[in-house]
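Undergrad: Next input, structure requested:
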Amino acid sequence: MSVNLFTSLSEQLGPLTWPMFICAFIALMIILERLALVIFDLPKRDIWLSELRQQSRTSDPEQVTALIARLSSGASVLSKGAHLLLTHAEQDRTMREQIINLWLTQQRQVLRSGLKVLQVIGIITPLLGLLGTVLGLIEMFNQLGASDGPVTPSQLASGLGLAMNTTAAGLIIAVPAITMAHLFGIWADQRCSKIAYALNQINLWLEGLEQAMTLGCDPQASAFCAQSNKAQASMTQSKNAQINTAPVNTLARKTQTNKAQVGI
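TA: Have a look, this model is predicted:
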């Protein structure tokens, strides 16, 4: 059955049978591999992140240690990134951000692996179909040139058939390849954005920012943080004002004391 199918395709596509077949095989393998990655990643739920977002206090060493032990066996990409970030909790904020940026760059390459090849296949196969069209027309004109009699449909059928079949085959391969490449690219970008957002929240949480795990998720939490920052700024200004006025008050008291002594 497979031999008969391949023979039929060879007759319809002519010399472009093997290039079309190779492009279709590579595109199919990449699509199946990316689909398996998406399906494998869907069931993984990061319950620990939801639990961490429900708390309002800042991080402490015991909680960080417990979270590292919990995430050591995590299977999701976010769990691995959070484990890497928490193991470097003793570093400063800038160093942790550099570590996570390098890790995210590597994960983005993994999630987008093979998509460039799909896009290249989507560009090449229509050109191969166009090449088949040109070859079919050349064959048709050669048959017409070799014939001394009137033109018959059988003389046109072979060349036009090759031209149309190769064009259709190129489009059949190119459309799914380009479509799936863009869909997988959108999924990879969204996945990386969500991971980066969660890791930035954890980084701020390690830095000691209250309500860091709910920033951007809950408008009330964001307003609470803004109010807390304003309150801290006003307290700092009042303390500075008290410090600045203290020497003035002391000098005024000394002046009054000296005037009293002179009067005596």
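
Undergrad: Which single helix of this protein contains the most residues?
TA: helix 153-207 (DSSP state H).

Undergrad: Against which helices or strands is it packed?
TA: Here helix 153-207 touches helix 2-13, helix 17-41, helix 47-54, helix 77-87, helix 93-111, helix 115-146, going by 3 or more C-beta pairs under 8 Å, 6 or more residues apart in numbering; DSSP states H and E. C-beta coordinates here come from the backbone N, C-alpha and C atoms, glycine included.

Undergrad: Tell me which of those helices sits nearest to residue 70.
TA: Nearest to residue 70, of all those, is helix 47-54, at 6.0 Å by C-beta to C-beta.

Undergrad: and the angle for the closest one with helix 77-87?
TA: Counting by axes from the mean of the first three to the mean of the last three C-alpha atoms, to 10 degrees, helix 47-54 lies at 60 degrees to helix 77-87.

Undergrad: what pLDDT, on average, does helix 47-54 get?
TA: Helix 47-54 shows an average pLDDT of 82 in the prediction.

Undergrad: How far does that helix sit from its chain's centre?
TA: 22 Å (C-alpha atoms, centre = their mean, to the nearest Å).

Undergrad: Next: stretch 43-59.
TA: Worked out by C-alpha atoms, centre = their mean, stretch 43-59 lies 21 Å from the chain centre.

Undergrad: What's the end-to-end length of that stretch?
TA: 28 Å (C-alpha to C-alpha, to the nearest Å).

Undergrad: what does that stretch rub up against?
TA: 67, 70-71, 74-76, 78-79, 82, 89, 198, 201-202, 205-206, 208-214, 217 (C-beta atoms under 8 Å, 6 or more residues apart in numbering).

Undergrad: Could you measure from residue 165 over to residue 181?
TA: Going from residue 165 to residue 181 by C-beta to C-beta, to the nearest Å gives 25 Å.

Undergrad: my bad, residue 36
TA: 16 Å.

Undergrad: Any buried residues in the strand or helix carrying residue 64, and which?
TA: For residue 64, the enclosing helix or strand under DSSP states H and E is helix 61-71. Neighbour-count burial for helix 61-71 flags 64, 67, 70, 71 (criterion: 16 or more other C-beta atoms under 10 Å).

Undergrad: now swap in stretch 138-150 and tell me
TA: 139, 140, 143.

Undergrad: same deal with stretch 113-128?
TA: Neighbour counts over stretch 113-128 (16+ other C-beta under 10 Å) mark 114, 115, 118, 119, 121, 122, 124, 125, 126, 128 as buried.

Undergrad: Just to check, the fifth one is in contact with residue 28?
TA: No: using C-beta atoms under 8 Å, residue 121 is not in contact with residue 28, being 10.1 Å away.

Undergrad: Leaving out the residues flanking it, which one is nearest to residue 119?
TA: residue 181 (4.9 Å; C-beta to C-beta, 6 or more residues apart in numbering).

Undergrad: wait, what's in contact with the one you found?
TA: Residues near residue 181 by C-beta under 8 Å, 6+ apart: 115, 118, 119, 122.

Undergrad: what about the residue nearest to the spatial centre of the chain, distance to residue 165?
TA: Compute the mean C-alpha point of the chain, and by C-alpha atoms, centre = their mean the closest residue is residue 189, 2.6 Å away. For residue 189, the distance to residue 165 equals 37 Å [C-beta to C-beta].
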